[in-house]
Each structure stands twice: as C-alpha cells, then as structure tokens.
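Trainee: got a sequence here, can you build the structure:
(one chain, ligands or ions: 1)
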Amino acid sequence: MARTVYGETLATCDAWGQVALGSVSLSETDEPNVVGLCTNMHAPCPHMAADSNDLIVLRPEGLYCPAGDFHIDPWKPVPRAVITHGHGDHARTGMGRYWATRDSLPILQWRLGEQDYDIRHYGEAFRIGDARLSLHSAGHVLGSAQVRVEVDGQVWVASGDYKRQADPTCAPFEVVRCDTFITEATFGLPVYRWPDTREVAREIVAWRRQCAERGEAAILYCYALGKAQRLLAELRDLDDQPALLHGAIQVGVEVYRKAGIAMLDTQPVAETAKGSDYAGQLVLAPPSAAGSPWIRRFRKAQQGFASGWMRVRGNRRRRNYDRGFVVSDHADWPDLLRTVRDTGASRVIATHGNTDAIIRAMNEAGIAAEAFRTDYGGEE
Ligand SMILES: [Zn+2]
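Mentor: Residues are numbered from 1 along each chain as shown. This is a model prediction of the structure:
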C-alpha cells in the first residue's frame, strides 16, 4: 500500500495497518496528526511528529531526544551522541561530541581513535539541553551502559545491548526503574536460553584436550570485543596452557588487560615459530577468519564458534562448525521478559532483533509495546 506523507512514499509500509484508528485520519496527502501509535517503526518514519511528548523518538540518523537535542548510538553523523558501548553498530565515527562511560573510553579510543569525548562515571547525573541523564551498567561488555533520560519527571531508559548473566570482565547489569524502556531483542525468541557460562567454559577445555589427543588445533571463533575477553577470563582458572590469538583478537585483549581485567595467558599466533605444531592449542580468532588464508597454517584443526546463535543447531550446521558453544553477551528470552518486569515500565519499545515475539509477549502481559527499526545488530 502506498501512502504519501511529508513527501515520502512508504511503498510497502505495513505499519499503517497497525495504526490505532479512531485518533488518526490519513489519506494520500494528509499529514498524520497522531504520534506514537504505530507498532512498527519505519525510517524515515512520519509517525513520531515533533509535538510528541516522547522523550526519545526515532529519526533517520538514530534514536533522538528532542529535549536534549542529542542522539543515542546514532548510525549517521550528528553533533551530539551518547554512546552505550564500543561495538561497531553502536559506536561510529563522524559525531561532533561523544558522551560515554569512563570504562568504555579505552575501547572507544581503540575503535574510533581520538574524538571529543565527554566521559562520565556510572550513576553520575549530568545535563544535555533540558534533559537530565545518567549512565548505568548494561553488563554487556566493558563500559557498556544503559542511558537514563529524565525530563519533567518522566523517565525513559535506552538499554543499548545488555545481559543479566555474570561476566567477570564487566560490571553487572543495573536495574533502572523507568516509565518507558527501550530494549534490545537480539535473541527475542523463547528458544534462546543460555546455559551457565562456567559450564560452557569447562566444555571448551574438554574440547581442547580432545583435540590434543587427535593432534588437532582447537580454533574457536568469537567476537573480538567482549566475547573473546569473557572466554579468556572464564578459562583463567580452568585451563593450564595459554591461548593463541589472531591479531584482531590480540588488540582487544590488550585493551582489557590494561584496564585490569584478569584473563588466561595469551600469545599472538604471529609470534609462534614458522611450521609450529598447533596440536592441542586453543586458538581464538574472529568469525571473519573462517575460510581465510590465515587459517591454513593450522593443518589439522577443529573449528568451533562461541555465540548465542549456537543455541540453534541448524546455525552451526549451515556454517560448518565442528562445535558450537552457547555463550552470549545479550539477554536470553527469559531475561528479556524479567528485565522489562524489573524496570516497572508501562511501555516498551523493542529495537533490533526478534521484536515481534517480544511485542506479543508484552501485549499479553498488559504492557504497551512497539518497535523502533534501527541499524543495530551487527556483532552477533
Ligand atoms: Zn553490542
């Protein structure tokens, strides 16, 4: 169905079918006179008009706070950006000024270089424009934050990415009470439930030892920011031999070590002797190294992947991994639902991931829910 709104043609915008009727009149040329009723946000989206009372709205360049005139994790250049964490889909170059937590500063410097950073402690209150802000731990990666925004007594929290599981490399998730909670939903389906990470770390050690008996290297693919460091921290007192690191992993591990995070001893693969026998060695590499020339030096190897996606066996088979280890830095399905309940929010906006299932679950629980269509979701 085609609609012309503000000169934009939304050729296949199925959201129109979900606009709450009775308070909105739309024709081919009408401007929408109602805001925030859409269950499915489309960028550029006309449904959030300037007269909205919403503290955070969706703009073509990202989540935007009109009262403070700033964006949260924007995907296009803007003058003022509050950054929840260092993953590439949330922290990008090109912003005028960056607000972030102290713990995330070395990560942002690694990924974005020198920028105009305005660094804050967790829980410290500060103002941008007419909005009162504070950053609270999201438990996702080192320095990750939820953004609490308060204007005229109304409180919104934008979660960024988060998890509730224990992680020795970052501060635990902090529950922040709010009226509206903007939640990620990367793993927003009931099938996604995480095992105890400690148990998974033991499985990794057992796998490496099996590989040793067969004369094979144990190549474990994992994300270079957060996952690799978390695995190395979990393995620290479980294994007795150092892990070898791909160069892309090495850089991030150094950043975490400088921040005082204790991890298993490591050695760069690049520093091993030519013609080394890698039998029984655990090797951490980014997923992009799979199938690359770099991998050929390990003549006999098993390949595993550490990710929440490994919860679904078909994902492992499709990508030809010998082993899948279920470790995620995102909330699983029960923790997504628990977190919404814990915040006390009466309204939920889901961003990237499986937003439909969580919207349905929220509506069934009597909580108003909708989605923002964002550019997030890169690292898993
Ligand atoms: Zn992330």
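Trainee: close to the ion: what parts of the stretch 1-150 of the chain are there?
Mentor: Within the stretch 1-150 of the chain, the positions adjacent to the ion are residue 87 by Cβ under 5 Å from the ion. For the C-beta atoms, the positions are set from N, CA and C on the backbone; glycine is no exception.
Trainee: tell me which residue in the stretch 1-150 of the chain sits closest to the ion.
Mentor: residue 87 (3.5 Å; Cβ to the ion).
Trainee: from what I can see that residue touches residue 226, true?
Mentor: Yes - assessed by Cβ atoms under 8 Å, residue 87 is found in contact with residue 226 at 7.5 Å.
Trainee: before we move on, the earlier item: confidence score at the residue of the stretch 1-150 of the chain closest to the ion?
Mentor: For residue 87, the pLDDT comes out at 96.
Trainee: before we move on, what about residue 199?
Mentor: Residue 199 is given a pLDDT of 97.
Trainee: heads up, I number from 873, so please use that
Mentor: Fine by me, first position is 873 from now on; the one you just mentioned is residue 1071.
Trainee: and it, that one's in a helix?
Mentor: Yes - assessed with DSSP: H, G, I helix; E, B strand; the rest coil, residue 1071 lies in a helix.
Trainee: now do it against the ion, distance only.
Mentor: Distance, residue 1071 to the ion, by Cβ to the ion, to the nearest Å: 23 Å.
Trainee: confirm residue 1207 sits in a helix?
Mentor: Yes - according to three-state DSSP, the state of residue 1207 is that of a helix.
Trainee: and it, what is it in contact with?
Mentor: Residue 1207 makes contact with 1035, 1036, 1037 under the criterion Cβ atoms under 8 Å, 6 or more residues apart in numbering.
Trainee: flag the shaky bits of the stretch 923-1072 of the chain, pLDDT-wise.
Mentor: Scanning the stretch 923-1072 of the chain for pLDDT under 70 picks out 923.
Trainee: so where do the strands sit in it?
Mentor: With strands called from DSSP state E, counting those that start in this stretch, the stretch 923-1072 of the chain shows them at 929-931, 934-937, 942-944, 952-954, 969-973, 989-992, 998-1000, 1003-1009, 1017-1023, 1026-1030, 1052-1057.
Trainee: ok, the first one: who's next to it in the sheet?
Mentor: As defined by DSSP bridges, the strand partners of strand 929-931 come to strand 934-937 (antiparallel).
Trainee: ok, residues contacting the partner strand?
Mentor: The contact list for strand 934-937 (Cβ under 8 Å, 6+ apart) reads 927-930, 942-948, 950, 953, 1000-1001, 1003, 1021, 1030, 1054, 1244, 1246-1247.
Trainee: now those residues: which count as buried?
Mentor: Among the contacts of strand 934-937, those buried by neighbour count (16 or more other Cβ atoms under 10 Å) are 927-930, 942-947, 950, 953, 1000, 1003, 1021, 1030, 1054, 1244, 1246-1247.
Trainee: doesn't residue 1212 fall inside a helix?
Mentor: Yes - assigned with three-state DSSP, residue 1212 falls within a helix.
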